[in-house]
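1. Kindly generate the corresponding structure for this input.
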Amino acid sequence: MPSPSDSKAKSLPVFINRRARHDYEILDSYEAGIALQGAEVKSILQGKLNFTGAYCRVVDGELWLENMDIAPYEQARAYAPPRQRPRKLLMHKQEIERLRRRIEEKGLTLIPTKVYFRNGKVKVEISLARGKKRHDKREKLIEKAARREEKL
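-> The predicted model follows:
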């Protein structure tokens with residue numbers, strides 16, 4: 001007889017933007033809902049999304065996710081929205097305003113770092129980040145190689 005914990009046949013996927021940690025210094029993270037159309041949720045469940053070049057921006061007091069590629073769901077018969085359309089992120093107005101001020105003041109940017117499911121809804125973790133310089137990236141790689149050599 002299966003236990004209650006076995007009732008969940010498969011866990012929901014979590015997609016992480018690994019490139020973000022390499023290119024940016026992550027300062028702060030926030031959770032936001034995302035407004036999707038049609039079968040985009042099913043496409044995300046299949047793992048057909050790409051973070052390359054994705055970023056967030058504030059327009060007229062609303063937070064938008066730009067350039068995140070979600071491939072169309074093959075089994076959908078009706079309308080398929082454009083792959084890289086701007087998608088609205090759902091947060092409280094006070095949080096959006098606070099983010100807008102921080103972005104403008106300090107030359108920071110908002111990038112999506114993770115897409116996951118919570119309570120049946122798709123959530124996006126967005127991070128306030130500062131771009132790394134090329135020499136910072138090199139130093140990090142050198143440190144990583146040194147640690148690897150120490151283990152051997």
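2. how about the strands in the protein?
-> 15-16, 24-34, 49-50, 55-59, 62-66, 69-70, 87-90, 109-118, 121-131 (DSSP state E).
3. Tell me which of the ones you listed lies nearest to residue 43.
-> strand 69-70 (5.5 Å; CB to CB). From N, CA and C alone the C-beta is placed, and that goes for glycine too.
4. List just the one of the strands of the chain that sits closest to residue 140.
-> Of the strands of the chain, nearest to residue 140 by CB to CB is strand 24-34, at 10.2 Å.
5. Flag the shaky bits of this structure, pLDDT-wise.
-> Filtered on pLDDT under 70, the chain yields the residue ranges 1-10.
6. re the thing from before, nearest to residue 142, of the strands of the chain?
-> Residue 142 sits nearest to strand 24-34 of all the strands of the chain, at 17.0 Å, using CB to CB.
7. Mind listing what's buried along that closest one?
-> For strand 24-34, the buried set under the neighbour-count rule, 16 or more other CB atoms under 10 Å, comprises 24, 30, 32, 34.
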